[in-house]
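>>> predicted model and sequence below, questions to follow.
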2 protein chains.
Amino acid sequence: MNLDLTVTTGELASAASALVRLVPGKLIDPVLSGLLLTADGAGVSLAANDRERAARLERPAVVHTEGRVLVPAKPFADTLRALDHEQVRLVVEGSKLAIRAPGARYALPLLDVDVHPGVAAPPAAAGTVDGQMFASALTTVAAAASRDDALPMFTGVRIRSEGDRLVMLATDRYQMAVAALAWRPTDAPVDALVPASLLTEIAKQVEGPVALHADRDRFGLVWQRAGGTTVATTAVLDGSFLHESKVSVSDVDTSVEVDADVLAGSVRRVGLYTDARGVMLLEVGDGELRLRGADQRSGEAEETLKADVSGGRTSHAYQGRFLTDALRAFSGARVRVEIQPGMRATVFSAVGESDLDLRYVVMPMLPPKH
Amino acid sequence: MNLDLTVTTGELASAASALVRLVPGKLIDPVLSGLLLTADGAGVSLAANDRERAARLERPAVVHTEGRVLVPAKPFADTLRALDHEQVRLVVEGSKLAIRAPGARYALPLLDVDVHPGVAAPPAAAGTVDGQMFASALTTVAAAASRDDALPMFTGVRIRSEGDRLVMLATDRYQMAVAALAWRPTDAPVDALVPASLLTEIAKQVEGPVALHADRDRFGLVWQRAGGTTVATTAVLDGSFLHESKVSVSDVDTSVEVDADVLAGSVRRVGLYTDARGVMLLEVGDGELRLRGADQRSGEAEETLKADVSGGRTSHAYQGRFLTDALRAFSGARVRVEIQPGMRATVFSAVGESDLDLRYVVMPMLPPKH
């Protein structure tokens, strides 16, 4: 095995950190938590594959000797991040990959590159979407997914195409977020249940136009960053059981428009005065909303805020943290809250037109007993 | 019970937060985690006493009705911190203390003020010290104390006066920090073992001159802040078993001077390549220091840095985290490292004169086996 190259430390460090976050690796298997380093005429590429997720990032480099090695990913990324030197040299020395800078040498053991599954090309291209808007939608929708790995079906975001619209949906069964935005389809439709934790990370990394790739078993995203291509792919589940039409919104009788940040501030303060469930009352009044909470130990709280109310006066109790999540998605703008009688869903949506069509659904709770 | 006052929200919020941090309270006893609010001609005072620690802070207020009430401290502090309104009114309404702002009312239950032990005056004054230098010394010394409550004697800082010098010392048995600074004694000498966690918090809060108060059982500090006096007192232990003279430094044969931040950077990077104990070798060479670490999984690291070396070439292994703690105290300056042969203490001190005389003692470890 051989490899020798010189590279800008900051560029390689950011690529290594991005890769480690896209593919967390399997701790029990050193090969599946390894980082595959390939130097060729085009520069250097960093890749990882834990058999569920895979990613590949390219960066410019001055390559002295082409080659391909596998090293432990985390110490590689941590060392580069901690280095102050502007340039760093990577060179195979015996059974080690040396990271060299003036006055410093770090040597990582070489793992068996032949055992590594490699990183396959992404599945067929399905279309392109604007990276910034896609990231904004993913941030909100992925946060509505469950973090409970015991229910893996609820830890994903269903991404499906409907003609020239791309719809993203996630739910943990108590709240649901649905976003739709314009995209440019190129071929077959997309419909995949993608792990929310991966999408949360991708939302932090994407730039410019993002290409979606999909087949029955895999989903992938490809974008350009820092002078190189980034490819991230993952195995997917069947997400067809998740659909926004399963939540009935036909009985809305009360509609309220209010500044999202003002209501979020009230929820935060009144939330200090709630029971162990964190439930507070949202009472709809004449041109105002009243938030009320009470707890035996802390006491009671009541806030009144101006709101545009139309229709009835249907009022419910909600868990404060779901209201907070829903309102965060509309921060900086006015939000429309549509309420249905009975224990049926309440829908949060933006007031006015927007390129991103976002709806956040929260289930009401039984009011606190007092 | 009665009380009615108007106050600037920010000022009262910062006082309530400061009080909660000085007196964390006993969760099992609502009275001992209560906040005693007193309104009189001089303004408002906030006080707490959990029978171990006590504190009292004064703030200006417009008092409509004088009075004294006891309320749960944490919801009181959290509510004030979350409020956006510039002014807030506190008023007793029935069995509740209402916190009122336009459109908002929070009501805390009144606790039985007659059961509260009150906050006694601090013990006799012993002298005065400059707050900024005292805080800087406390931050470093308190961090060297143990966080293990199973060994309460090592969780304290011994503060003792020696004429016109005030000496602070803490150790967790593996490292020791000693700081001495000038002070103005007024009366009896001070010698107390004060909880390090309280001193860490006080270091964040003190301003201007700080008065030390002490008797056999209690230690107190008094300073002015935000237009009012702050008093913090605590029960103390006997700390006479802690003394810097117990660490022998008579056999120093190797002395090294180096930039503290440069060495700290090397320790951080080489620390990525150490075994479970986190031990690295510090080799003293000709005009240079060599730091070496090795770990079966991560690999090996070696850094060389320029240093002024005098005397011998005695080299030891150390736990990286203790080197990091010691060097942090000298950040931004050159540090002298004095090394003794055998498993005896290594002493870190500032190069050149300083108003704060600070020494940091680290014990060497057995080198890693390879």
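Cool, got the structure. Residues are numbered from 1 along each chain as shown, chains lettered A, B, ... in the order given.
>>> outside of whatever helix or strand A:Leu305 lives in, which residues touch it?
A:Leu305 is located in strand A:299-306, with elements delineated by DSSP states H and E. For strand A:299-306, the surrounding residues in contact (Cβ atoms under 8 Å, 6 or more residues apart in numbering or on different chains) are A:258, A:262-263, A:266, A:269-270, A:272-273, A:285, A:287-294, B:72, B:75, B:79, B:96, B:103-109. Glycine gets a C-beta too; all of them are placed from N, C-alpha and C.
>>> what strands line up against it, and which way round?
Its sheet considered, strand A:299-306 pairs with strand A:288-295 (antiparallel), strand B:104-109 (antiparallel) by DSSP bridges.
>>> can you get me a residue count around A:Arg184?
In terms of burial, A:Arg184 registers 13 neighbours under the definition other Cβ atoms under 10 Å in any protein chain shown.
>>> flag every residue of chain A that's near chain B.
For chain A, the residues found near chain B under the criterion Cβ under 8 Å from any Cβ of the partner chain are A:30, A:72, A:75, A:78-79, A:82-84, A:96, A:103-109, A:265-266, A:268-269, A:272-273, A:297-305.
>>> and those, which are buried?
In these, burial by neighbour count holds for A:30, A:72, A:75, A:78-79, A:82-83, A:96, A:104-109, A:265-266, A:269, A:272-273, A:298-305, counting by 16 or more other Cβ atoms under 10 Å in any protein chain shown.
>>> in TSV: the strands paired with strand A:299-306, plus distance to A:Arg277 and mean pLDDT.
As requested, the strands paired with strand A:299-306 are arranged in TSV below (distance: least, Cβ to Cβ, whole Å; pLDDT from 0 to 100):
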stretch	distance to A:Arg277	mean pLDDT
strand A:288-295	10	96
strand B:104-109	19	97
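>>> would you turn the ones you listed into JSON lines with distance to A:Asp251?
As requested, those are exported to JSON lines (distance: least, Cβ to Cβ, whole Å):
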{"stretch": "strand A:288-295", "distance to A:Asp251": "20"}
{"stretch": "strand B:104-109", "distance to A:Asp251": "32"}
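>>> okay, domains of chain A per the record?
Segmentation of chain A into domains, based on automatic domain parsing, reads A:4-115, A:125-245, A:248-362.
>>> and those as CSV, adding distance to B:Ser349?
As requested, these are exported to CSV (distance: least, Cβ to Cβ, whole Å):
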stretch, distance to B:Ser349
domain A:4-115, 25
domain A:125-245, 44
domain A:248-362, 48
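>>> give me phi/psi at the residue of chain A most remote from its centre?
Taking Cα atoms, centre = their mean as the measure, the residue most remote from the mean C-alpha position of chain A is A:Gly94, 40.7 Å away. Dihedral angles of A:Gly94 (phi, psi; degrees, to the nearest 10) stand at phi 60, psi -130.
>>> related to what we said a few turns ago, what lines up beside the next helix or strand after the strand holding A:Leu305 in the sheet?
Using DSSP H and E, the helix or strand that follows strand A:299-306 in sequence is strand A:308-311. The strands beside strand A:308-311 in its sheet (DSSP bridges) come out as strand A:254-259 (antiparallel).
>>> buried sites along the strand it pairs with?
Buried residues in strand A:254-259 (16+ other Cβ under 10 Å): A:254-256, A:258-259.
>>> which element follows it toward the C-terminus?
Past strand A:254-259, heading to the C-terminal end, the next element that is a helix or strand (DSSP H and E) is helix A:260-270.
>>> so how far is that next one off the chain centroid?
Relative to the centre of its chain, helix A:260-270 is centred 24 Å away, using Cα atoms, centre = their mean, to the nearest Å.
>>> CA atoms of that helix as CSV?
Written as CSV, here are the backbone C-alpha positions of helix A:260-270 (Å, rounded to 0.1, in the frame of the first residue of the first chain):
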residue,chain,number,x,y,z
ALA,A,260,-45.4,33.0,15.9
ASP,A,261,-42.5,34.3,18.0
VAL,A,262,-44.9,36.2,20.4
LEU,A,263,-46.9,33.0,21.0
ALA,A,264,-43.7,30.9,21.3
GLY,A,265,-42.5,33.3,24.1
SER,A,266,-45.8,32.9,26.0
VAL,A,267,-45.6,29.1,25.6
ARG,A,268,-42.1,29.2,27.0
ARG,A,269,-43.1,31.2,30.1
VAL,A,270,-46.4,29.5,30.8
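>>> what's the angle from that helix to strand A:288-295?
Here helix A:260-270 runs at 20 degrees with respect to strand A:288-295, directions being taken by axes from the mean of the first three to the mean of the last three Cα atoms, to 10 degrees.
>>> ok, residues contacting helix A:260-270?
For helix A:260-270, the surrounding residues in contact (Cβ under 8 Å, 6+ apart) are A:280, A:289, A:291-293, A:301-303, A:305, A:320, A:323-324, A:327-328, A:330-335, B:79, B:82-84, B:104, B:106.
>>> in which helix or strand would I find the residue positioned nearest the centre of chain A?
When Cα atoms, centre = their mean is applied to chain A, the residue found nearest the centroid is A:Thr200 (1.4 Å). Assessed by DSSP H and E, A:Thr200 sits inside helix A:196-205.
>>> tell me where chain A has helices.
Taking DSSP state H, the helices of chain A run over residues A:9-22, A:73-82, A:131-143, A:196-205, A:260-270, A:320-328.
>>> now the ones you listed as CSV including distance to A:Val88 and mean pLDDT?
Written out in CSV, the entries for those read as follows (distance: least, Cβ to Cβ, whole Å; pLDDT from 0 to 100):
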stretch, distance to A:Val88, mean pLDDT
helix A:9-22, 5, 96
helix A:73-82, 7, 96
helix A:131-143, 29, 96
helix A:196-205, 22, 96
helix A:260-270, 45, 97
helix A:320-328, 40, 96
